[in-house]
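K.L.:
One predicted model, sequence on top.
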Amino acid sequence: MEFNEHTLLNDPDLTLILLKTAARGETGIEDCVEVLRSTLERAGERPPVARTELVLHLDRVRRSLMRAHLLAPTEGGRFRITERGRNALKDHPMGLDDTVLMEFPEFREFVQETRTQPSAAGPHSRDYAEGYLAFRAGKGLADNPHAFETAEHLAWENGWFQARDEEADRSGQPKGA
C-alpha cells in the first residue's frame with residue numbers, strides 16, 4: 001500500500017497539517033510530525049511508517065508549499081505561513097494537492113523544471129537515474145542514500161518521482177504528487 005493511501009497521509013491532509021501548524025506561528029517539520037502523530041492517535045490510527053518517512057513526506061509537501069509561496073522559510077530550517085497560504089487554507093479547507101498548487105505560477109514553473117530530465121552529461125544525471133531505478137525496484141523515498149537538502153538528494157528524488165509518475169500514467173491511476 002502506498003504511503004498516501006493511509007489515513008491522514010495523503011497530500012491534501014499533509015498540506016493541512018503544515019499550513020495549520022504554521023498558521024499558529026513559526027514552526028518546523030518536527031513540530032508538524034508531532035501534530036500529525038497526535039492527529040493520527042485521535043483518529044485511532046497508528047503511523048504506518050517510521051518517523052523518518054513521515055519527516056520525508058512532510059518535507060516534500062513543505063517544499064511544494066514553499067514553491068507555491070504558501071509557506072516562507074525562516075531561520076534554522078523553520079517556516080511560517082504567508083498571506084497567500086492563509087488564503088489558500090481558507091479557500092481549500094479540505095487540503096491542497098498539486099491540482100490546486102498548479103494555480104500558482106511559481107509552482108507551475110518548478111514542476112516544468114523538475115519534469116525535464118537532465119541530460120546524460122548533467123552533473124546529477126547518475127543520481128537521477130539511481131532514483132528512477134530505485135522506484136522500479138520497489139524502494140521508497142526513505143531509501144534515498146544522499147544527504148538531505150543536497151543536489152544529489154533532490155536529483156535522486158526527482159528520478160524516483162518521475163518513475164512513479166510514469167507508472168501511474170501507464171496504469172491510469174492518480175499520481176498522488
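P.N.:
Sure thing, it's come through.

K.L.:
And Phe161, how far from Ala134?
P.N.:
Counting by Cβ to Cβ, to the nearest Å, the gap from Phe161 to Ala134 is 11 Å. C-betas here are computed from N, CA, C, even on glycine.

K.L.:
what about the nearest residue to Asp31 once chain neighbours are set aside, how many residues close to it?
P.N.:
Nearest residue to Asp31, sequence neighbours excluded (Cβ to Cβ, 6 or more residues apart in numbering): Thr21, at 5.9 Å. Neighbour count for Thr21, taken as other Cβ atoms under 10 Å: 21.

K.L.:
mind checking which helix or strand the closest residue to Gly25 other than its chain neighbours is in?
P.N.:
Ranked by Cβ to Cβ, 6+ apart and with sequence neighbours excluded, the top spatial neighbour of Gly25 is Arg80, at 7.4 Å. In the assignment (DSSP states H and E), Arg80 maps to strand 79-81.

K.L.:
next SSE after the helix or strand where Pro12 lies?
P.N.:
Element membership for Pro12 (DSSP H and E) is helix 11-23. Sequence-wise, the next helix or strand downstream of helix 11-23 (DSSP H and E) is helix 29-42.

K.L.:
Mind giving me the packing neighbours of that next one?
P.N.:
The helices and strands touching helix 29-42, judged by 3 or more Cβ pairs under 8 Å, 6 or more residues apart in numbering; DSSP states H and E, are helix 11-23, helix 51-67.

K.L.:
now the last one: mean pLDDT?
P.N.:
For helix 51-67, the mean pLDDT works out to 89.

K.L.:
for that helix, which positions count as buried?
P.N.:
53-62, 64-67 (16 or more other Cβ atoms under 10 Å).

K.L.:
which strands and helices sit next to it?
P.N.:
Short answer (3+ Cβ pairs under 8 Å, 6+ apart): helix 51-67 packs on helix 11-23, helix 29-42, strand 71-73, helix 98-101, helix 105-115.

K.L.:
So what are the structural domains in this structure, by residue number?
P.N.:
If you go by automatic domain parsing, the domain ranges for the chain are 1-105, 117-169.

K.L.:
Turn these into CSV, including distance to Val111.
P.N.:
Below are these laid out as CSV (distance: least, Cβ to Cβ, whole Å):
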stretch, distance to Val111
domain 1-105, 7
domain 117-169, 10
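
K.L.:
Tell me which of the helices and strands packed on helix 29-42 sits nearest to Gly95.
P.N.:
Ranking those by proximity to Gly95 (Cβ to Cβ) places helix 11-23 first, at 2.6 Å.
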